[in-house]
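Student: Sequence and computational prediction follow.
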Amino acid sequence: QHYYITNNLRMKNVEQMIIGTPNGHSPTFKKFIKDIADSKTKYEESLVMQVEVDNLKKEIKTPYATSSVQHERLVKLIYIHMLGYDATFGVIDAIKFAQQSSLFYKRVGYLVSSLLLNPGREESLLLCCSLQKDLASESVVEQSMALTAICQLMGKDTISAFLPTIIKKLSHPKEIIRKKAVDVLYQFLREMPEQTHDERYLKALCDPDAGVMISALPIYLKLCKEQPDKYRHMNKAFTDILIQIVEGRLHNSFNYHTFPAPWAQVYLLQILHYLGCNDKQLSENMSHVLHLVIARASGKMTTPQAADAAVAVLYQVCQTILSIYPNQDLILLVTRKIDEFLNSASNKIHLGLQLLEKLCEKQPSIGATFIPQVYQYTSHQCTMIRDAAIKVLRVGVSPDTLTDATRVLLDILSDSNCSKELEAECCSTLAEIGRKHAPSPAWYVGLLLKILAIASPLSTTSPSPILNTLINYCTTTIDAEVKALIQKAAQENDDINSQKSWLSIWALGRYDPDFDRAGIWVNKIKSLSDNQIKWLLDSLVVLVTRLGALPAPLYSTLHPFTNSPSPIIRQLAIELVNLSDLPNVTDLFNTQTDMLSVLIEKLANTPDAGLENTTAHKQFLTKFRKRANGPTEKVEFGHDVQEEGPKQRVNVPSKDGTPNPAATWVSYHEHIPEEASANDKPEPPLSQPALSSTYKWGEHSKQTRATHSDPTRC
């Protein structure tokens, strides 16, 4: 984007930049600017810049250069920095130039230093003496330049050195100095929020000059945003200032194309927004002022620029009305303005949609009346308007408009030109509005299955967020219709690249308990990704607990995975094989009996169980019992809290490298280094039953196998 700046460069502007130098501009300088303007490509521009940077680095080392030559170098540095190239090699020259006695040269030195240095850099300390000297000068121009430079250059370490002087400048007879001193105080407040000077801020707010008063508004905006209760007593002061501005009592120099001080109005409206939030009394006190602002900003404007300023003020006053304690008369005015914005030019449509989103949050019944009008903007050519419309649907859809909203969003997903960002936003919105307003669990599951069929990417590496949402919902919902839908969807598609393949694998042991169906996926196991294999093995574990031991063909196919290089796959395969070898495994996991109390009793009577109290027993067994239902872990998906897929228990050694058979639950989708060392393994969060003392990491000895076969040591 810097390249296009050069297309507007003109030699007349260059001459104006260096006017005042004794000898004007040199031929080399003129050629440098001309070469930049004549560059047709970024590559040509970079060649010109590289040559000039090399020349400048050599020239800077040349001693006894005249001030005009040094000035020319600094102007070149400005161009180099403006076009995105590194010019920090000239910082020292800029600092030296800022110490010149000539105001023109001093100004250029401060300007280049502000561009090339950031607050807190060590080189900034070299300017401290020069800045202190200029602040103590009797020249208003020098003081003004120093105050401007302090805002750009001074960090936390140097605030204490300048603060007493800055406070004295608040009483300076010249309003421009007082105004810049307030700006410096605001910068100091941003750097060190813990240090506030309320008396100084109030003095600036009550300054007889309107410019100084307006400069204090950003300070109070920051303070009221962070501590609104502390400054609620100043509500009347801010409303009085706003009335004076709206009624045009300020000097005409503060007007923007005849519109009275729009930036000051926006600052004050934002302050009132924070002060009136959740405060009924203050909200009622400021209501007449907000009425006045809307009335004046809604009047006929003399110029297009004034009309634009009025739109900005109207937008902010509507935001304030929707943030303070609700007032039905004011909200009615806001709905009228939203309707005007939605039926006007594109930039106002976007503002109207943003206001409508907030209206739907605060007044859902009123906002719902605009939802049918929002549908047309979901396919708008402007991406900002389209995204804003989808956000409105997220918060504004009601049970009455749910069907139409889902139809519109599904149509967007079906469009071949739908971008990935828009697809993710639509999927997230559909999942949220369906979860909030679905008439039945089966309807919601059917919606998620439609999204999977339309928008889910082909992937063998990880499941989509929508699939995680579906699995989580099915795990926590018991419904016959939901079960039928999942069974049907799980049997429709066996393509390993589709998202429904993940659903089919997950449903094997939970909704589709059939070894024949499982055999189809076991035969494809060599074509599956590692994550899909983990899901398949976990589902087979659940399947074995329901149907009994694995058939011989499946057992022989899966047994080699007990030596897999992946620790998670290896552990899953070992658990599956050992579980399949247990006698009467279905009786052990019969949900009709209270296995929890039985196992706790058995563990309590086992002397070497490794558990210290029944609380630990219960924690371990609760986790073990949830394993059959596919425990899940919450992860963030868009604006929803969704669920991740089934988890896996992995045996890990302790930090000192000694065998530690305690188990920890690890998500399938969590990245675990394949060749992680023993010391890098995570610590288990819970004390759990110890296995045989001969257990080794990655080794499955006979003693360990015998231990797994003992139901009391499950």
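Tutor: Ah, there it is. Residues are numbered from 1 along each chain as shown.
Student: Near the nearest residue to P260 once chain neighbours are set aside, how many other residues are there?
Tutor: Once flanking residues are discounted, P260 sits nearest to G248: 5.0 Å by CB to CB, 6 or more residues apart in numbering. The way it works is simple: take the backbone N, C-alpha and C, and place the C-beta from them, glycine included. G248 has 15 neighbours, counted by other CB atoms under 10 Å.
Student: Torsion angles phi and psi at G248?
Tutor: Note on G248: its backbone torsions stand at phi 80, psi 30 [degrees, to the nearest 10].
Student: any idea how far R296 is from it?
Tutor: Plainly put, G248 is 9 Å away from R296 if you go by CB to CB, to the nearest Å.
Student: Next: L115.
Tutor: 40 Å.
Student: go on, C151?
Tutor: Relative to R296, and taking CB to CB, C151 is found at 33 Å.
Student: cool, and L47?
Tutor: From L47 to R296 the distance is 56 Å (CB to CB).
Student: Looking at those two, which is more packed in?
Tutor: R296 (17 against 13).
Student: Assess the claim that that one and V246 are in contact.
Tutor: Yes - using CB atoms under 8 Å, R296 is in contact with V246, at 5.2 Å.
Student: got the buried residues for stretch 535-552?
Tutor: Across stretch 535-552, burial judged by 16 or more other CB atoms under 10 Å covers 535-545, 547-551.
Student: Just to be sure, which of the residues you listed are found in helices?
Tutor: Among the buried residues of stretch 535-552, DSSP state H puts W535, L536, L537, D538, S539, L540, V541, V542, L543, V544, T545, L547 in helices.
Student: Save those residues as TSV, and put in distance to A65 and pLDDT too.
Tutor: Converted to TSV, these look like this (distance: CB to CB, whole Å; pLDDT from 0 to 100):
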residue	distance to A65	pLDDT
W535	72	87
L536	75	87
L537	75	89
D538	75	87
S539	78	86
L540	80	88
V541	80	86
V542	81	85
L543	84	85
V544	85	85
T545	86	82
L547	90	80
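Student: which among the residues you listed gets closest to A37?
Tutor: W535 (61.1 Å; CB to CB).
Student: Identify the residue spatially nearest to the closest one, adjacent ones excluded.
Tutor: Per CB to CB, 6+ apart, closest to W535 is I505, 4.7 Å.
Student: Test my guess that that neighbour contacts L537.
Tutor: No - under the criterion of CB under 8 Å, I505 is not in contact with L537, lying 9.7 Å apart.
Student: all strands of this structure, in order?
Tutor: 255-256, 259-260, 634-637, 640-643, 647-651, 663-667 (DSSP state E).
Student: other SSEs contacting the second one?
Tutor: By that I understand strand 259-260. helix 304-323 (3 or more CB pairs under 8 Å, 6 or more residues apart in numbering; DSSP states H and E).
Student: Export the helix it packs on to CSV, keeping only CA atoms.
Tutor: The C-alpha coordinates for helix 304-323 follow below in CSV (Å, rounded to 0.1, in the frame of the first residue of the first chain):
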residue,chain,number,x,y,z
PRO,A,304,-22.6,16.4,2.6
GLN,A,305,-19.8,16.6,5.1
ALA,A,306,-22.1,17.9,7.8
ALA,A,307,-24.6,15.1,7.0
ASP,A,308,-21.9,12.5,7.5
ALA,A,309,-21.0,14.1,10.8
ALA,A,310,-24.7,14.0,11.8
VAL,A,311,-24.8,10.3,10.9
ALA,A,312,-21.8,9.6,13.2
VAL,A,313,-23.5,11.4,16.1
LEU,A,314,-26.8,9.7,15.5
TYR,A,315,-25.1,6.3,15.5
GLN,A,316,-23.4,7.0,18.8
VAL,A,317,-26.5,8.5,20.5
CYS,A,318,-28.4,5.3,19.5
GLN,A,319,-25.6,3.2,21.0
THR,A,320,-25.9,5.2,24.2
ILE,A,321,-29.6,4.8,24.4
LEU,A,322,-29.4,1.1,24.0
SER,A,323,-26.7,0.9,26.7
